[in-house]
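Undergrad: coords below, sequence missing:
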Ligand code: WTA
């Protein structure tokens, strides 16, 4: 164990192979089949991706070069021309899918809409024509700040159709966060709505846009407003226009612009622990191909599926696996406007029952919230239509995995735990559900074509079950191309932590991991969050999982607090299941439980009880803020992504 690796202390041994019925009907139906694909792709990635690009996508013009790799810059399908909106829409119109549901939408108040591929194509063409009328041209950036309504997807596809670059900003972000992103992207147009529904409340989107623009984003010339809630809003004369007024005035015909494979498709901002948010840049051809293939294989997609990903389009998961991946495959993608809410905590299960959802893809934070809300809610609904479950966003605790498997999946549905990032564009490490035996808490094996390795800081592979830095050693089609406007930051952030060695470059985006004796990857969390106790570097995920496996604990976040003797001491922030109350005894019991589960080295010095934990708006625990609190320091760094500020005040007061 060198100081440049991370220790792994929790080992989960349960294994769940797919059922024979699932495997029989699956596209990739055994580990042998997976291994064959994997080996072929590893031996010659270019011909592997080339063949898929030929068979799976429509190109207006074929490429000259599959991959031009000048580290750290990769260009895929150079010289090829295509349009992702064409691949998501037009090509289905000449098949029976023309009248298949492309989007099924359920609004929070219970209203709903279904758009067939023909209808979606029509609306996308109309919005594309409106954007053109407002002066948007190929290469211009368009901001999208929307609730989860069909027009959010329509706006993205309309931009792609005319070659405008979209920059979607999550509708829960404040005016400040929005302004910062609009400025950085030098956005010309903003598409928004009057408001939207979230957790029984109206979100005032247009008001936030007004605030963001009042202090000036000089590049913005127009705001296109979709009417959703009907609330009163200000419409700035000469700048703001209504979608429902312009839609009937434009043609429903708008040919898709042939785009170069490497033309920008979108910018999506992601925040690190320091510095301003990074505008992650994705381009057209490689992104279209990779999200298409990963959606098809990882979800084992069938034309009979009703597929529901609960993410917001404001995140990469919404981009790749609500809109582009599913639609490129001609799937039925369900969009839900709201979130589980006080007035109906079982609303997700109502939606599954109502539409006969077959594939359900969500995040560990949601799964832990469902667990906390109790089994009676899902048990009161008919969830028998489900055949496959997925998770993304954080390492999933084995405890939450087992609950998902038993209570939601009825022990019949494989779970695909997909490890990936905004930067990677699509799934990197994930089970293929008909092939891969799963283990609770492991994202299992790399997708074919992905060369992943756990290394130390010098780029040397670490041993079996030894923790280290999770890296990717070969380019893949949907990798980010740069940080918008800051190539140097791209290089520094992702390619220099592990310095290149003998011409080998390592992509490293910040996670610690280990690989077990079966070659399975276990992601241990962000290395920024690693705790160093008496010379041992511990990942947060394993200690948190140990805590969550105690019946009293709903959620846990552990951080290090400076300690003169040990370097750092483990401090655990814990929220309890409904029927438990904080006490000294319980704190003692939890410390003991961690020692029993993983050993004395991980024993928390301190347990702090709290109703809630500070999370980003996409549900990730912000351990950096907890670290400040544990050390009794002021909160430092960017807090614009924080979901609920009052949580911090409560934690301060209650400590
Ligand atoms: C974490 C979300 C463990 C990880 C698609 C990664 C995960 C970051 C998993 C990216 C998973 C995501 N298991 N950790 N299945 N999925 N992560 O950019 O730390 O919002 O680096 O993309 O989330 O988050 P992002």
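TA: The structure has been received and is ready for your questions. What you see is a predicted model, and the numbers here were worked out from it, not measured in a lab.

Undergrad: How many residues are close by the nearest residue to residue 322 once chain neighbours are set aside?
TA: Once flanking residues are discounted, residue 322 sits nearest to residue 309: 4.9 Å by CB to CB, 6 or more residues apart in numbering. (Glycine included, C-beta is placed from N, CA and C.) Look at residue 309: counted by other CB atoms under 10 Å, it has 27 neighbours.

Undergrad: hey, what's residue 309 bridged with?
TA: Beta-bridge pairing for residue 309 (DSSP bridges): residue 361.

Undergrad: What of residue 574?
TA: residue 556, residue 609.

Undergrad: residues contacting it?
TA: Contact analysis of residue 574 by CB atoms under 8 Å, 6 or more residues apart in numbering lists 547, 553, 555-556, 590, 607-610.

Undergrad: isn't the residue nearest to residue 322 right up against residue 317?
TA: Yes - in this structure, residue 309 is within contact of residue 317 by CB atoms under 8 Å, at 6.4 Å.

Undergrad: anything in contact with each of these two?
TA: Common contacts of residue 309 and residue 317 (CB under 8 Å, 6+ apart): residue 361.

Undergrad: Could you find the closest non-adjacent residue to residue 611?
TA: Nearest non-adjacent residue to residue 611 (CB to CB, 6+ apart): residue 575, at 6.0 Å.

Undergrad: Who are the contact partners of that neighbour?
TA: Contacts of residue 575 by CB under 8 Å, 6+ apart are 553-556, 609-613.

Undergrad: In TSV: the residues you listed, plus pLDDT and distance to residue 368.
TA: Shown next, in TSV, are those (pLDDT from 0 to 100; distance: CB to CB, whole Å):
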residue	pLDDT	distance to residue 368
553	95	10
554	92	6
555	93	5
556	95	10
609	95	16
610	91	14
611	89	14
612	89	12
613	92	10
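
Undergrad: What residues does the chain have near the ligand?
TA: 270, 315-317, 392-395, 417-422, 443, 509-511, 523, 526, 618 (CB under 6 Å from any ligand atom).

Undergrad: at 5 Å instead, please
TA: Contacts of the chain with the ligand, taken as CB under 5 Å from any ligand atom, map to 392-393, 395, 417, 419-422, 443, 511, 523.

Undergrad: Of all the residues you listed, the one with the weakest confidence?
TA: Among the residues of the chain next to the ligand, residue 395 carries the lowest pLDDT, at 90.

Undergrad: sec struct for it, please.
TA: Following DSSP: H, G, I helix; E, B strand; the rest coil, the label given to residue 395 is coil.

Undergrad: Identify the nearest residue to it in space, disregarding sequence-adjacent positions?
TA: residue 541 (4.2 Å).

Undergrad: so where does that neighbour fall, helix or strand?
TA: Assigned by DSSP states H and E, residue 541 belongs to helix 540-548.

Undergrad: tell me what that helix is packed against?
TA: helix 398-403, strand 521-526, strand 553-563, strand 567-576, helix 584-598 (3 or more CB pairs under 8 Å, 6 or more residues apart in numbering; DSSP states H and E).
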